[in-house]
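[1] coordinates only, sequence not included:
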């Protein structure tokens, strides 16, 4: 009996999770990556309980938690340092069935890659979808410089500028600029402990979070024209924009080299796709639902996509019914989260004094009413469970002995 063959275009978090999940289900998997190698890229990534439960399905949840730091108690601040609200990591873990954890993206990529056969990953291999195939009929076709590949299933995991998405839905307007840009850094440390925080100013924010190995993951965002870059370097730009914000912001900026600051404009799929599949081809992650980072759910939703997709696609069946079930499960959920992230972005981008004062007052009021009220923004997001039952360490006789 011939093993069903899936081709994954793109080796980001969504693509590697999909490949690993399909491989565990019995698919033969080929991952095609344009880049010449999978060098460590990006900075930190926060994984909420929803994506951790999805990783439990493919046997990687415990490994991720062993490498990651819990998001500690912290809260939201003003640029002058005043706390608007305090958050409790224990309250979040209790409400959503597990902690929010933080690790470097490269560590997550390495774990996901470890779940695949060595021969499955092909770097330096640009790929183009030339035929999405037809459920119950012809196979999908992917073109590479080495020739065409026919596949029973193709996964488009090629990011915000997805060419697979453009091939499937050529009339869709594609991603739109959100109005702001982001910076990310990993600092070697500032020599003293501090509480995790996200600080909102006028049309700008800064976040700082300790990692398990003593380094610090920090990110910033600010309204800016699309395509803008610093006149000198991005470290100098961060100092201009955030250098007078409360401790440890300036110290973190000062601890990194000019070439260690990543900057990216934020684009989002404001207009939802009509479907996440066509023929024998499906989309996952940013290819399907690029969202603003203001809820920290972009990578989390890509992981969810991958596990749900594999759940609906046993390798011994035609993929048509399973792909339809995948779209039905994922399109409404991710559309709602894209919109919620966009709403949070608009609050962050407020720059007028009166509007910022009202926003900060509302945040402070919610904080005084208790952590439960503030956490409600993630109800229906962080408490999600995959369609499969998960069995991470800490289970006994098929029943959990801890909440994550």
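    All right, it came through fine. If you're wondering where the values come from, they're calculated on a predicted model, not measured in any experiment.
[2] For residue 248, which non-adjacent residue is closest in space?
    In space, and not counting its chain neighbours, residue 248 is closest to residue 190: 4.7 Å by C-beta to C-beta, 6 or more residues apart in numbering. For the C-beta atoms, the positions are set from N, CA and C on the backbone; glycine is no exception.
[3] Residue 316 now?
    Closest to residue 316 by C-beta to C-beta, 6+ apart is residue 4, at 7.1 Å.
[4] I figured that neighbour was touching residue 29, is that so?
    No: the criterion here is C-beta atoms under 8 Å, and residue 4 misses it with residue 29 at 9.8 Å.
[5] what number of residues lie near the residue nearest to residue 248?
    18 (other C-beta atoms under 10 Å).
[6] Residue 205 too?
    22.
[7] which residue ranges form the helices in the stretch 51-200 of the chain?
    61-67, 89-96, 105-114, 163-168 (DSSP state H, counting those that start in this stretch).
[8] what helices or strands is the third one leaning on?
    Read it as helix 105-114. helix 13-25, strand 44-47, helix 61-67 (3 or more C-beta pairs under 8 Å, 6 or more residues apart in numbering; DSSP states H and E).
[9] ok, now which ones touch residue 120?
    19, 23, 29-31 (C-beta atoms under 8 Å, 6 or more residues apart in numbering).
[10] ok, now residue 250?
    239, 242-244.
[11] Just the element for it, please.
    helix 249-255 (DSSP states H and E).
[12] next one: that helix to chain centre, how far?
    25 Å (C-alpha atoms, centre = their mean, to the nearest Å).
[13] What residues sit buried inside that helix?
    Neighbour-count burial for helix 249-255 flags 249-253, 255 (criterion: 16 or more other C-beta atoms under 10 Å).
[14] cool, stretch 212-226 as well?
    Neighbour-count burial for stretch 212-226 flags 215-224 (criterion: 16+ other C-beta under 10 Å).
[15] go on, stretch 374-392?
    Buried, per 16+ other C-beta under 10 Å, within stretch 374-392: 374-375, 378, 381-382, 384, 386, 388, 390, 392.
[16] repeat for stretch 320-328
    Buried residues in stretch 320-328 (16+ other C-beta under 10 Å): 320, 322-323, 325-327.
[17] Just put these in TSV and tack on secondary structure, pLDDT and distance to residue 209.
    Listed next are those as TSV, based on DSSP: H, G, I helix; E, B strand; the rest coil; pLDDT from 0 to 100; distance: C-beta to C-beta, whole Å:
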residue	secondary structure	pLDDT	distance to residue 209
320	helix	95	43
322	helix	97	38
323	helix	98	37
325	helix	97	36
326	helix	98	33
327	helix	98	34
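[18] I'd like those residues laid out as JSON lines, including distance to residue 195.
    What follows is these, written out as JSON lines (distance: C-beta to C-beta, whole Å):
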{"residue": "320", "distance to residue 195": "51"}
{"residue": "322", "distance to residue 195": "45"}
{"residue": "323", "distance to residue 195": "45"}
{"residue": "325", "distance to residue 195": "43"}
{"residue": "326", "distance to residue 195": "40"}
{"residue": "327", "distance to residue 195": "41"}
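[19] Could you list the low-pLDDT ranges of the stretch 1-150 of the chain?
    Scanning the stretch 1-150 of the chain for pLDDT under 70 picks out 1-2, 39-41.
[20] quick revisit: what's the farthest-apart pair in the buried residues of stretch 374-392?
    Using C-beta to C-beta, the two most remote members of those are 374 and 388, lying 30.8 Å apart.
[21] Point to the residue nearest the middle of this structure.
    residue 299 (1.4 Å; C-alpha atoms, centre = their mean).
[22] give me every residue that touches it.
    Each residue near residue 299 by C-beta under 8 Å, 6+ apart is listed here: 13-14, 45, 47, 51, 105, 285.
[23] Quick check: phi and psi at it.
    Phi and psi for residue 299, reported as degrees, to the nearest 10, are phi -70, psi -30.
[24] Specify the local secondary structure of residue 30.
    Secondary structure assignment for residue 30 (DSSP: H, G, I helix; E, B strand; the rest coil): strand.
[25] For it, which non-adjacent residue is closest in space?
    Excluding its sequence neighbours, the residue lying closest to residue 30 (C-beta to C-beta, 6+ apart) is residue 7, at 4.9 Å.
[26] With residue 26 instead?
    Among residues not flanking residue 26 along the chain, residue 315 sits closest, at 4.4 Å (C-beta to C-beta, 6+ apart).
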